[in-house]
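**Student:** Turn this into a model:
(2 chains)
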Amino acid sequence: MHTTFNFNRLVLLLKRFFIENKTIELTYWGIMILVFTVIHNAETVKTILYIMGFIFAAKQYKLFAYTPGGMHYLLIPATHLEKLVCNILLTTVYFFTMFVITYSIGNIVGTNLFNLLNGMSNPVSWNFFNSSYAQLMGGNTSLIGNNIDLPGGNVFLNMMVKFLIVQSIFMLGSVYFKHNAIGKTMLTLISFVIIIGMIELFFLKDLFSGVSLGPNTHLLDNFGYGFNIFTYLLIPFLWIVTYFRLTEKQV
Amino acid sequence: MIEIKNVDFSYTKNTKLLTGLSLNLETGRIHGLLGKNGEGKSTLLKLISGLVFPFKGDINVMGFEPLKRLPEMLQEIYFLPEELPQLTLSIENFEQVYAPFYPNFSKEQFNQYLKEFEIDTKKSMLNKLSHGQKKKVFVAFGLAANTKLLLMDEPTNGLDIPSKGQFRRMVAASISEERCLLISTHQVRDLDSLIDGIIIMDAHEIVFNEPIENITKKLLFKISDSNETNDTLIYSEQNMQGLYQVCENKTNKDSRLDIELLFNAVVTEKKKIKQLFQ
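**Tutor:** Residues are numbered from 1 along each chain as shown, chains lettered A, B, ... in the order given. Take a look at the predicted model:
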């Protein structure tokens, strides 16, 4: 028996999720296909991805809001690491797969339906996957060529990183806060952003007076590579914090 | 099987729930845990299963430290809480999902227990069952899991009268030399002729922990018509049927243990009882 990590137990945990949430998951799939049949604009889809993503992540540890649910979960004979990996797989791989499949189906059905009803022959647009770096910036190309070096300039990868950060923040929030985890995490996040903004505005502006901080420029952007490394490291950091929080969880 | 040494615990900084609690439980026995509301009975079960952590002291369960919640320990513990989790699963799926986590789980036993509880179909959804029926499913699962340690918090709450009898029979049949059952309850009558050890908590500590054979050897439970007192009397209370008395059993007479009377005697005459059992 492997104490730290056992693949069979991980499979059992995943199986548990899908059997226990079969009905609700099928409902999500149906709703998302319907939504994407109507909406397939790349920017809106991206917003939906973030919103749905954090709701899904926060839902994972929602059971701690209800003591018997939390007790039941903590007493499942699996390690904290297995439980965490299971939730990471669900909030990232599974959720993203669901998102891509439902978006693709909705997009194809929606475009063809639109063509049929309007006698048009528009091709199915895959802008959500193929959008350029300029599109990411909302058409503002002035930032390109700045110090920001997103890997391969790939908007999709960049979006994935942002998505994973949002997911991991909300997963940590759901295990950290007992009640109203989504609201409290959001509040914490907003407060954090405001504090960072104030530090940037009042303190660092004077300190780095040579650095241009225009309306579209952010302090962290000017760190270039440093910012990228920071964003990549933030994800495992949040997962590790979630792990320790889970090991210390009492109900 | 369970060793608890000088454990302190509290939910808030200012009030201590358990102070210097020590307890040893052996295998092959069904222990009844009794106490008034808020004494910390459920908390004790949570401490044993690793759901809450002690501030001070040591807890050893089958050689494991519960707070680590290792799967090797958890697969040998089944905790039936008073309030059950909300699961949107059929009984069939519940078994399919959770049974593989318990290596000694017996499908045959589970089916047998469900049959005894008159739950005919495993297609029923747990969230659609009444509290009592849901409890029967969890009791059946807990017994069929064949874990070394079975913790039950108010297991008979919500069970109808015939089911309480079935519950007693099933639990009595499930005990083995390697197994230990700890049942916390207010319904002392439900434990009648089931338990073979009584643990009483009062003022947030264990004030009594004795096997039944010791209790009936040292104490005599009787109903008296007159108010006469003698030097063996420890505790008495007036009831509809007469004067119920707990006396020191100096003559080695056999008497039927009255758990409720014992509880009242222990809580009221702590010193006398303690001296007698030392």
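
**Student:** need the residues of the stretch 101-250 of chain B near chain A, please.
**Tutor:** B:101, B:102 (C-beta under 8 Å from any C-beta of the partner chain). Every C-beta, even on glycine, is put in place using the N, C-alpha and C of the backbone.

**Student:** In the stretch 101-250 of chain B, what residue spans correspond to strands?
**Tutor:** Using DSSP state E, counting those that start in this stretch, the strands found in the stretch 101-250 of chain B span residues B:149-153, B:180-184, B:197-202, B:205-211, B:219-224, B:233-239, B:242-248.

**Student:** Export those strands to JSON lines and append columns for mean neighbour count and mean pLDDT.
**Tutor:** Shown next, in JSON lines, are the strands of the stretch 101-250 of chain B (neighbours: other C-beta atoms under 10 Å in any protein chain shown; pLDDT from 0 to 100):
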{"stretch": "strand B:149-153", "mean neighbour count": "24", "mean pLDDT": "96"}
{"stretch": "strand B:180-184", "mean neighbour count": "25", "mean pLDDT": "95"}
{"stretch": "strand B:197-202", "mean neighbour count": "22", "mean pLDDT": "93"}
{"stretch": "strand B:205-211", "mean neighbour count": "18", "mean pLDDT": "93"}
{"stretch": "strand B:219-224", "mean neighbour count": "18", "mean pLDDT": "87"}
{"stretch": "strand B:233-239", "mean neighbour count": "15", "mean pLDDT": "86"}
{"stretch": "strand B:242-248", "mean neighbour count": "19", "mean pLDDT": "88"}
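
**Student:** Let's have those strands in JSON lines, adding distance to residue B:1.
**Tutor:** Formatted as JSON lines, the strands of the stretch 101-250 of chain B follow (distance: least, C-beta to C-beta, whole Å):
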{"stretch": "strand B:149-153", "distance to residue B:1": "7"}
{"stretch": "strand B:180-184", "distance to residue B:1": "5"}
{"stretch": "strand B:197-202", "distance to residue B:1": "12"}
{"stretch": "strand B:205-211", "distance to residue B:1": "14"}
{"stretch": "strand B:219-224", "distance to residue B:1": "26"}
{"stretch": "strand B:233-239", "distance to residue B:1": "31"}
{"stretch": "strand B:242-248", "distance to residue B:1": "30"}
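
**Student:** Show me what from the stretch 51-200 of chain A comes close to chain B.
**Tutor:** Residues of the stretch 51-200 of chain A found near chain B (C-beta under 8 Å from any C-beta) are A:63, A:66-69, A:71-72, A:74-80, A:82.

**Student:** Now, of the residues you listed, which are buried?
**Tutor:** Among those, those classed as buried by 16 or more other C-beta atoms under 10 Å in any protein chain shown are A:63, A:66, A:68-69, A:71-72, A:74-80, A:82.

**Student:** Could you measure from residue A:170 over to residue A:181?
**Tutor:** Distance of residue A:170 to residue A:181, given as C-beta to C-beta, to the nearest Å: 8 Å.

**Student:** Repeat that for residue B:6.
**Tutor:** 36 Å.

**Student:** Tell me which of the residues of the stretch 51-200 of chain A next to chain B fall in strands.
**Tutor:** Judged by DSSP state E, strands contain none of those.

**Student:** ok and the residue in the stretch 151-251 of chain A nearest chain B?
**Tutor:** residue A:250 (4.6 Å; C-beta to the nearest C-beta).

**Student:** Secondary structure class of that residue, three-state.
**Tutor:** Three-state assignment for residue A:250 (DSSP: H, G, I helix; E, B strand; the rest coil): coil.

**Student:** residue contacts, it?
**Tutor:** Contact analysis of residue A:250 by C-beta atoms under 8 Å, 6 or more residues apart in numbering or on different chains lists B:51, B:52, B:53.

**Student:** What values do phi and psi take at it?
**Tutor:** In terms of degrees, to the nearest 10, the main-chain angles of residue A:250 are phi -120, psi 140.

**Student:** Look at it and report its pLDDT.
**Tutor:** Note for residue A:250: predicted pLDDT of 93.

**Student:** Show me which of residue B:6 and residue A:181 is the more surrounded one.
**Tutor:** residue A:181 (24 against 12; other C-beta atoms under 10 Å in any protein chain shown).

**Student:** quick revisit: and the buried ones among the residues of the stretch 51-200 of chain A next to chain B as TSV, adding pLDDT?
**Tutor:** As requested, those are exported to TSV (pLDDT from 0 to 100):
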residue	pLDDT
A:63	80
A:66	84
A:68	90
A:69	91
A:71	95
A:72	95
A:74	96
A:75	97
A:76	97
A:77	97
A:78	97
A:79	97
A:80	96
A:82	97
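
**Student:** Okay, and which of those residues map to helices?
**Tutor:** A:68, A:69, A:71, A:72, A:74, A:80, A:82 (DSSP state H).

**Student:** ok, residue A:50 - how many residues close by?
**Tutor:** Counted with other C-beta under 10 Å, residue A:50 comes out at 14.

**Student:** Ignoring the adjacent residues along the chain, who's closest to it?
**Tutor:** Ranked by C-beta to C-beta, 6 or more residues apart in numbering or on different chains and with sequence neighbours excluded, the top spatial neighbour of residue A:50 is residue A:166, at 5.6 Å.

**Student:** Assumed the one you found was part of a strand.
**Tutor:** No. Counting by three-state DSSP, residue A:166 is not part of a strand but helix.

**Student:** now for the helix or strand residue A:128 falls within, which elements pack on it?
**Tutor:** Using DSSP states H and E, residue A:128 sits in helix A:127-130. Helices and strands touching helix A:127-130, by 3 or more C-beta pairs under 8 Å, 6 or more residues apart in numbering or on different chains; DSSP states H and E, are helix A:42-60.

**Student:** what ranges do the helices span in the chain?
**Tutor:** Just going to use chain A. Applying DSSP H to chain A gives helices spanning A:7-20, A:22-38, A:42-60, A:67-74, A:80-89, A:95-118, A:127-130, A:133-136, A:155-176, A:181-198, A:205-207, A:225-247.

**Student:** Not quite, go with chain B.
**Tutor:** B:41-49, B:71-74, B:91-98, B:107-116, B:131-144, B:161-174, B:212-218, B:259-268, B:270-277.

**Student:** need those in a markdown table with mean neighbour count and distance to residue A:162, can you?
**Tutor:** A markdown table is the format used below for the helices of chain B (neighbours: other C-beta atoms under 10 Å in any protein chain shown; distance: least, C-beta to C-beta, whole Å):
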| stretch | mean neighbour count | distance to residue A:162 |
| --- | --- | --- |
| helix B:41-49 | 23 | 40 |
| helix B:71-74 | 20 | 35 |
| helix B:91-98 | 19 | 34 |
| helix B:107-116 | 16 | 47 |
| helix B:131-144 | 22 | 43 |
| helix B:161-174 | 16 | 54 |
| helix B:212-218 | 16 | 65 |
| helix B:259-268 | 20 | 61 |
| helix B:270-277 | 14 | 64 |
